[in-house]
Every structure is written in structure tokens, then in C-alpha cells.
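Visitor: sequence plus predicted model, see below.
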Amino acid sequence: MYKLGFIGMGNMASAIQEGFINSGYIKADEICGFDLSEIATEKAKARGVTPLSDGHEVIRNAEIIFMAVKPQVVEKVVAPLKEDLKGKALVSMVLGYDFAKYETMLDPSTRHLTFMPNTPIAVGEGMILLEDQQTLTDDEYDFIKKAFESAGSVEVLPSHLMGVGGALSGCAPAYIYMVIEALADGAVAQGLPRASAYKLASQTVLGSGKMQLASGLHPGILKDNVTSPAGSTIKGVKALEDGGLRAAFINAIEKSMGK
Ligand SMILES: NC(=O)C1=CN([C@@H]2O[C@H](COP(=O)(O)OP(=O)(O)OC[C@H]3O[C@@H](n4cnc5c(N)ncnc54)[C@H](OP(=O)(O)O)[C@@H]3O)[C@@H](O)[C@H]2O)C=CC1
Ligand SMILES: O=C(O)[C@@H]1CCC=N1
């Protein structure tokens with residue numbers, strides 16, 4: 001068991017903390033952290049995480065340090081902590097900061113791993129990508145991988161695929177929530193109460209994803225199984241094609257990669 005320390009405890013770090021604590025794999029009192037925001041600090045405290053007064057203190061009190069600030073500030077945050085991080089393990093979820101980039105920022109004695117989580121880790125259904133290039137000890141790697149597996153599914157990817165992987169599983173929860181909201185809006189427009197509409201939409205997304213994973217079938221086959229000849233679904237499929245649904249999602253992944 002390692003003590004975990006978070007630098008930044010915003011949306012993503014909070015989801016990870018909740019996922020770890022809810023899974024029972026890590027106890028809240030094994031986690032400390034620092035955040036500039038008072039609101040984020042109060043929320044962390046409410047889930048049993050120990051708030052500390054700065055990054056130096058987090059590194060002193062933890063064995064594996066999670067870097068969870070925004071990409072725009074990460075270099076400014078890491079530079080003054082470089083000495084403290086000597087001989088420690090750093091795991092980073094900062095989009096765009098891969099193994100090679102950290103090699104230029106950290107002392108050679110700092111072991112590190114870049115990973116890309118997503119917010120559903122909070123409810124035990126995360127998708128967590130681990131970069132295949134990393135320098136954690138075997139024990140640290142095993143511990144952190146098991147922690148992620150306690151709250152989701154883990155996939156190891158080569159460095160050059162972390163960006164596109166992150167654009168899909170890291171960003172797409174937002175797109176799926178838009179899908180849920182839009183499906184519900186459609187049903188509300190036809191008279192279904194709002195609460196039922198969200199429940200029906202979310203359970204349908206959950207069930208469809210679960211079925212694809214369980215069956216391993218091509219999504220097109222699963223779609224075809226729903227579309228009866230001359231039935232209702234094929235009319236909806238046509239409406240989505242008219243609306244450019246596929247192109248919109250393909251473009252969204254490209255845009256998420258900063259292209
Ligand atoms: N949100 C997501 O779904 C995902 C996010 N990520 C990555 O996670 C990281 C965090 O994103 P997210 O949680 O969404 O962002 P948030 O803005 O919610 O959280 C970042 C937190 O860091 C705080 N902060 C800023 N500077 C410091 C500092 N010097 N020391 C300590 N805390 C600081 C911020 O405070 P303040 O607001 O006051 O500046 C804020 O509370 C990003 O690098 C992102 O790429 C990766 C995958 C998915
Ligand atoms: O929007 C972002 O930049 C972060 C990274 C992946 C998901 N959210």
C-alpha cells in the first residue's frame with residue numbers, strides 16, 4: 001500500500017479519488033492533496049482526503065504523486081517541485097504530457113508514468129490508458145494498475161497513440177452526455193417527463209456499451225439487430241445520417257487532438 005498525494009484536486013482528480021475510495025482499494029486516509037481552489041479543497045476534505053498547504057508538503061507526505069493540474073500550468077507547477085520529486089514516483093494525467101516530455105522536466109531519479117483517465121472512474125466504470133513507456137518500480141506499477149482496475153478498465157498504449165486514445169476515452173464522456181441530453185430532449189419534446197427521459201437515455205447508453213463489450217460484435221451488427229425492416233429505428237437512423245452524426249463524431253475526435 002502506497003500513500004497517494006494529489007497536486008490539483010479538480011474534476012478529474014476528484015473522480016479518481018472517489019473511484020479508488022468507493023472501490024475499497026484505497027482508504028481515504030491514505031490520500032492527501034493540495035489545490036489552489038478552496039472549493040476543491042473543501043470537497044476533497046468531505047470525502048476524507050487530507051488537504052495540505054502546498055505541493056512540497058504533498059510530496060513529503062506521499063509516495064506516489066498524482067499530477068492533476070491543467071496542461072497550461074503544469075510546467076510552472078513542476079519546476080519548483082523538481083528537487084522534492086527526486087527519488088519519488090510521479091503519475092501524470094495531464095493531456096499532452098507524455099513520457100518524453102516529462103523526461104525533459106524531471107530529475108533522472110524521479111520515476112514516472114503518464115496515464116489518461118476519464119471521469120466515469122468515479123463510479124467504477126473508468127477507461128484508463130497507461131503509456132507503455134514508464135519508469136515506476138514493478139511494485140509501484142503493479143499497485144497503480146490494480147488501483148485503476150478497481151475502478152475501471154485499463155489499456156496499455158504506445159506513446160504515439162496516447163493522444164488519440166485520450167481524445168476518445170478521455171474526452172468522449174462529454175460527447176456521450178450530449179447524446180444523452182439530446183435523446184432526452186427529443187423524448188421530452190414528444191411528452192416524456194424529463195426525469196424518465198434521462199433515465200431511459202442513460203440506461204440505453206449503458207446497456208448498449210455493455211452489450212458491445214460483452215458480445216464483441218461489430219457495432220453495425222448490433223445496430224442492424226435493432227432496425228426492423230420498414231420499422232421505426234431505420235427512420236431514426238436516416239434522420240441521424242441526414243444530420244451528419246458520423247462525420248460530427250469523427251471530426252470531434254480530430255478536434256480533440258488539437259487538429
Ligand atoms: N476532466 C477530465 O475529464 C480529464 C482531465 N484530464 C487532465 O486532468 C487535468 C486536470 O483537469 P481537470 O480536473 O478537468 O481540471 P480542473 O480545473 O477541474 O482541476 C485542476 C485544479 O488544479 C488547481 N490548480 C491550479 N494550479 C495549481 C497548483 N499550482 N497547485 C495545486 N492546484 C492547482 C485548479 O485550481 P484553480 O481552478 O483555482 O486554478 C483546479 O482546482 C488536466 O491536465 C487534464 O488534461 C485528463 C483526462 C480527463
Ligand atoms: O478537456 C480536456 O482538456 C480534458 C482532457 C481530456 C478530457 N478533458
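Guide: Okay, I see it. Numbering: from 1, shown residues only. Ligands and ions are numbered 1, 2, ... in the order given.
Visitor: mind listing what residue 106 touches?
Guide: 78, 82, 85, 90, 112 (C-beta atoms under 8 Å, 6 or more residues apart in numbering). Heads up, the C-betas are built off the backbone N, CA and C, glycines and all.
Visitor: mind giving me the PyMOL command for buried ones among those residues?
Guide: This is how PyMOL selects the buried members of the contacts of residue 106, with burial counted by 16 or more other C-beta atoms under 10 Å:
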select buried, resi 78+85+90+112
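Visitor: among the contacts of residue 106, which pair sits farthest apart?
Guide: Greatest spacing in these, by C-beta to C-beta: 82 and 112 (12.0 Å).
Visitor: enumerate the residues of this structure near ligand 2.
Guide: Residues of the chain lying near ligand 2 by C-beta under 6 Å from any ligand atom: 95, 166, 170, 171.
Visitor: list the contacts for the second one?
Guide: Right, residue 166. Counted by C-beta under 8 Å, 6+ apart, residue 166 has contacts 95, 116, 129, 256.
Visitor: can you narrow those to ones near ligand 1?
Guide: Answer for those near ligand 1 (C-beta under 6 Å from any ligand atom): 95, 116.
Visitor: contacting residues for the closest residue to ligand 1 within the stretch 101-250 of the chain?
Guide: For the stretch 101-250 of the chain, the residue closest to ligand 1 is residue 170, as judged by C-beta to the nearest ligand atom, at 4.0 Å. Contacts for residue 170 (C-beta under 8 Å, 6+ apart) come out as 95, 116, 117, 118, 129.
Visitor: export those to a markdown table and tack on secondary structure?
Guide: Shown next, in a markdown table, are the contacts of residue 170 (DSSP: H, G, I helix; E, B strand; the rest coil):
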| residue | secondary structure |
| --- | --- |
| 95 | coil |
| 116 | strand |
| 117 | coil |
| 118 | coil |
| 129 | strand |
